[in-house]
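Participant: Below: sequence and its predicted model.
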Amino acid sequence: MGDEGGLPESEGFEELIKYTVPGYVLGLIAGIFLDMQGYQTSPVGQWLVRTLSGEGESILEGIYSIRQRFLGGAGTMAEAYGWGKLFGLAVPWIIDLASRLAGVNVYGVEGFYIPYFYALSDQIGANISGMLFLRRKEGGWSGAFSRYVHHPVMLASLAIIVIVPVGLLLLRLYGFSPTTQTFTALETIVANLCWVPPLVGWYVQRKRDI
């Protein structure tokens with residue numbers, strides 16, 4: 001049972017990687033369909049498109065975590081990661097609704113954070129859940145933090161949480177505006193880099209096993 005690169009022998013991240021593309025595809029299809037029906041700026045349409053594009057994989061990963069729990073056995077980081085993403089689902093819905101009620105221009109520069117939370121609130125939840133998992137495994141915060149800063153998946157997760165909002169802000173500053181549902185889907189897909197941390201985990205495992 002090695003612990004090379006901060007990963008135990010099998011963390012299960014390969015199970016999570018396959019859940020991203022279906023969410024992207026469903027979000028894009030929904031965006032194109034709504035545009036064809038004349039709902040280019042429908043708030044409900046944007047909610048649906050952003051949920052599918054930014055959180056579709058989180059729903060599937062949450063189902064994976066629930067299945068793992070019912071199957072029993074030792075908990076893995078991937079299971080904790082999936083639970084965290086599932087619990088983060090509703091956060092962007094609240095932020096989106098509150099912003100619209102407050103009169104924020106969701107199509108302008110000041111609304112750049114809305115697609116960010118749709119794309120990555122689940123990632124923030126996953127990062128927190130992963131940290132709590134490490135605390136349980138290590139029996140304290142000191143050991144958990146030591147494992148965290150050497151865990152490639154957690155570090156990759158933290159990196160995209162910090163970098164993505166900067167990219168979205170720059171995109172809006174350069175004139176991009178999600179004035180159609182297709183643009184809404186594409187903006188959210190570009191921001192949704194949730195596949196990166198599981199891919200890093202899978203790659204480290206594969207490299208270690210060779």
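Facilitator: The structure has been received and is ready for your questions. Just so you know, these numbers come straight off a predicted model, no measurement behind them.

Participant: CA only for contacts and neighbour counts going forward, please
Facilitator: Will do.

Participant: give me the number of residues near I163?
Facilitator: 11 (other CA atoms under 10 Å).

Participant: After the helix or strand harbouring it, which helix or strand is next?
Facilitator: Using DSSP states H and E, I163 falls within helix 152-173. Later in the chain than helix 152-173, the nearest helix or strand by DSSP H and E is helix 181-191.

Participant: Output the contacting helices and strands for the helix holding I163.
Facilitator: helix 113-138, helix 196-209 (3 or more CA pairs under 8 Å, 6 or more residues apart in numbering; DSSP states H and E).

Participant: Comparing the ones you listed, which stretch has the densest surroundings?
Facilitator: helix 113-138 (a mean of 23; mean count of other CA atoms under 10 Å).

Participant: hmm, back to that, contacts made by the helix holding I163 with the rest, please.
Facilitator: Outside helix 152-173, the residues that touch it by CA atoms under 8 Å, 6 or more residues apart in numbering are 5-6, 108-109, 112-113, 116, 120, 123-124, 127, 130, 148-149, 191, 193-194, 196-198, 200-201, 204.

Participant: and the angle for it with helix 113-138?
Facilitator: Going by axes from the mean of the first three to the mean of the last three CA atoms, to 10 degrees, helix 152-173 is angled at 170 degrees with respect to helix 113-138.

Participant: What residues sit buried inside helix 152-173?
Facilitator: For helix 152-173, burial by neighbour count (16 or more other CA atoms under 10 Å) applies to 152-158, 160-161, 164-165, 168-169, 172.

Participant: any chance of those in TSV, plus distance to V44 and pLDDT?
Facilitator: As requested, the buried residues of helix 152-173 are exported to TSV (distance: CA to CA, whole Å; pLDDT from 0 to 100):
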residue	distance to V44	pLDDT
P152	37	87
V153	34	84
M154	33	86
L155	34	91
A156	32	91
S157	29	89
L158	30	92
I160	27	94
I161	26	94
V164	24	96
P165	23	96
L168	22	97
L169	23	97
R172	22	96
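
Participant: follow-up on the earlier one: could you dump the helix holding I163 to PDB, C-alpha only?
Facilitator: Output of helix 152-173 as PDB, limited to C-alpha atoms (Å, rounded to 0.1, in the frame of the first residue of the first chain):
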ATOM      1  CA  PRO A 152      -1.700  16.500  -6.400                       C
ATOM      2  CA  VAL A 153      -5.400  16.400  -6.800                       C
ATOM      3  CA  MET A 154      -6.100  18.900  -4.000                       C
ATOM      4  CA  LEU A 155      -3.400  21.300  -5.300                       C
ATOM      5  CA  ALA A 156      -4.800  21.000  -8.900                       C
ATOM      6  CA  SER A 157      -8.300  21.700  -7.400                       C
ATOM      7  CA  LEU A 158      -7.000  24.800  -5.500                       C
ATOM      8  CA  ALA A 159      -5.200  26.100  -8.600                       C
ATOM      9  CA  ILE A 160      -8.300  26.100 -10.800                       C
ATOM     10  CA  ILE A 161     -10.500  27.600  -8.000                       C
ATOM     11  CA  VAL A 162      -8.000  30.600  -8.000                       C
ATOM     12  CA  ILE A 163      -7.300  30.900 -11.700                       C
ATOM     13  CA  VAL A 164     -10.700  30.500 -13.400                       C
ATOM     14  CA  PRO A 165     -12.300  33.700 -12.000                       C
ATOM     15  CA  VAL A 166      -9.400  35.800 -13.300                       C
ATOM     16  CA  GLY A 167     -10.000  34.300 -16.800                       C
ATOM     17  CA  LEU A 168     -13.700  34.900 -16.700                       C
ATOM     18  CA  LEU A 169     -13.200  38.500 -15.600                       C
ATOM     19  CA  LEU A 170     -10.700  39.100 -18.400                       C
ATOM     20  CA  LEU A 171     -13.100  37.500 -20.900                       C
ATOM     21  CA  ARG A 172     -15.900  39.900 -19.900                       C
ATOM     22  CA  LEU A 173     -13.500  42.900 -19.900                       C
END
